[in-house]
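J.: how would this look folded up:
(one chain, ligands or ions: 1)
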Amino acid sequence: MSDEAADIEASAKSTVDPVKSFLSGGFGGISCVLVGHPFDLTKTRLQTASPGTYTGAVDVIRKTIAQDGIRGMYRGITPPLFGVTPIFAISFWGYDAGKRIVYALTPDRKDQALSLGELAFAGGFSAVPATLVAAPAERVKVLLQVQGQGGQSMYSGPTDVLRKLYAEGGLRSIFRGTVATLARDGPGSAVYFATYELLKKRLSAPPPRLPGSDQPSAAPPLSLGAVMLAGGTAGVAMWSLAIPPDTIKSRLQSAPQGTYTGFMDCARKLIAQDGVTALWKGFGPAMARAFPANAATFLGVELSLKMMDKLW
Ligand SMILES: CC(=O)O[C@H](CC(=O)[O-])C[N+](C)(C)C
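T.: Numbers count the residues shown, from 1 in each chain. Presented below is the predicted three-dimensional model:
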């Protein structure tokens, strides 16, 4: 293969430097929290306030800003900022690693562009390393979010939760909900990344082609509008699938020890007790956050990648 052909093939491959994929994912996570946190706060206040405190989401926002100013919408942002940033960094790094696995398994491929199925595989793969961090982080978050609703608070903060969970049941207790997190983020990330890549490609101008070659000469020009539309839609697509396993995960992770034997037991008991529609609890607030938070995520990822490409 000539040097020029090798260059064309390398640029057509959709992988990036692993350090860059990790860092860009981290930037994406920070953007996600900065945009998504006010939605999260609104949802949590609605879910936990005593009846009659708020008439709805707009009322929460109005009263919070009237009391604390715009800063009030960012109350409690520090733990998610520290928790979500590494999860997104690992997730975007894992997605890139998944693409490398596909290329390694198909060395004789003619078309360097990955198919939708291959992108979905890489997305699903990203959830494997990300879950190792996401599952304990979600266990801590869920326990902190549900405490104090009409009773005494049991935990003073994230470190206190970890200390008490370890004392109660060791690492097994800290990692409770790992299967549920994987059940949410495996299929969810497959849909997330595949939707993003598909829409970004459809919405962006086609890349210029070298004369006499059927391979693109360079990456397509980046359209920020396309990135945000594709990213927001990817978030909505992911959460459309992810709400039922997310509901089971939250129940499992917040229940006293011994309530459920595992994911299936929790699903069975939830459906028997509250009906199948209970699996979609929290659908509205999750959907309201999904588009803006993930539009910001992919904007953060793509802009930081561009910045890093200029630097090295
Ligand atoms: C559960 C989660 O973190 O989902 C991310 C999108 C979001 O809305 O937070 C995507 N991903 C799992 C790929 C990090």
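J.: hey, let's count contacts and neighbours off CA atoms from now on
T.: Fine.
J.: Tell me who's in contact with the most centrally placed residue in the chain.
T.: For the chain, Phe88 is the residue whose C-alpha lies nearest the centre (Cα atoms, centre = their mean; 6.5 Å). With contacts defined as Cα atoms under 8 Å, 6 or more residues apart in numbering, the neighbours of Phe88 are 25-26, 28-29, 130.
J.: Test my guess that Met238 contacts Gly186.
T.: No. Counting by Cα atoms under 8 Å, Gly186 is not a contact partner of Met238; they are 10.2 Å apart.
J.: By mean pLDDT, flag the weakest helix or strand of the protein.
T.: Every helix and strand of the chain was ranked by mean pLDDT, DSSP states H and E. The lowest is helix 3-12, at a mean of 50.
J.: what's downstream of it, the next helix or strand?
T.: Remark: after helix 3-12, the chain's next helix or strand is helix 18-48, criterion DSSP states H and E.
J.: picking that back up, buried ones in the helix or strand the residue nearest to the centre of the chain falls within?
T.: Remark: Phe88 resides in helix 78-105, with elements defined by DSSP H and E. For helix 78-105, the neighbour count (16 or more other Cα atoms under 10 Å) marks 80-81, 83-100, 102-103 as buried.
J.: quick one: that helix to helix 18-48, angle?
T.: 140 degrees (axes from the mean of the first three to the mean of the last three Cα atoms, to 10 degrees).
J.: so, in contact with the ligand or not, helix 78-105?
T.: Yes. Against the ligand, helix 78-105 shows contacts by Cα under 6 Å from any ligand atom at 88, 91.
J.: counting contacts, what elements does the helix or strand following that helix pack onto?
T.: Of the helices and strands lying after helix 78-105 in sequence (DSSP H and E), the nearest is helix 116-146. Helix 116-146 is packed against helix 78-105, helix 158-174, helix 178-203, helix 224-254, with contacts defined by 3 or more Cα pairs under 8 Å, 6 or more residues apart in numbering; DSSP states H and E.
J.: Including mean pLDDT, could those go into JSON lines?
T.: Output for the helices and strands packed on helix 116-146, formatted as JSON lines (pLDDT from 0 to 100):
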{"stretch": "helix 78-105", "mean pLDDT": "95"}
{"stretch": "helix 158-174", "mean pLDDT": "96"}
{"stretch": "helix 178-203", "mean pLDDT": "97"}
{"stretch": "helix 224-254", "mean pLDDT": "94"}
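J.: Adding distance to Ile65, write the ones you listed out as a markdown table.
T.: Below are the helices and strands packed on helix 116-146 laid out as a markdown table (distance: least, Cα to Cα, whole Å):
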| stretch | distance to Ile65 |
| --- | --- |
| helix 78-105 | 19 |
| helix 158-174 | 26 |
| helix 178-203 | 33 |
| helix 224-254 | 26 |
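J.: And those helices: which comes nearest Ala295?
T.: Taking Cα to Cα, helix 224-254 is the member of these nearest to Ala295, at 4.2 Å.
J.: For Pro80, see how far away whatever residue of the stretch 1-150 of the chain ends up closest to the ligand is.
T.: The nearest approach of the stretch 1-150 of the chain to the ligand comes at Phe88, 4.9 Å away (Cα to the nearest ligand atom). Per Cα to Cα, to the nearest Å, Phe88 is found 12 Å from Pro80.
J.: try Pro245
T.: Pro245 is 21 Å from Pro80, by Cα to Cα.
J.: again, but for Ser31
T.: 12 Å.
J.: Also Ala122?
T.: For Ala122 relative to Pro80 (Cα to Cα), the value is 25 Å.
J.: Next: Val60.
T.: For Val60, the distance to Pro80 - Cα to Cα - is 20 Å.
J.: same check, this time on Gly170
T.: As for Gly170, its distance to Pro80 is 24 Å (criterion: Cα to Cα).
J.: got it, and Arg109?
T.: 41 Å.
J.: before we move on, what about Ala194?
T.: 26 Å.
J.: What of Thr259?
T.: Taking Cα to Cα, one finds Thr259 at 27 Å from Pro80.
J.: ditto for Ser156
T.: 16 Å.
J.: residues contacting the residue nearest to Ala180 when sequence neighbours are not counted?
T.: Using Cα to Cα, 6 or more residues apart in numbering and skipping the chain neighbours, the partner closest in space to Ala180 is Lys249 (5.1 Å). Going by Cα under 8 Å, 6+ apart, Lys249 touches 177, 180-181, 263.
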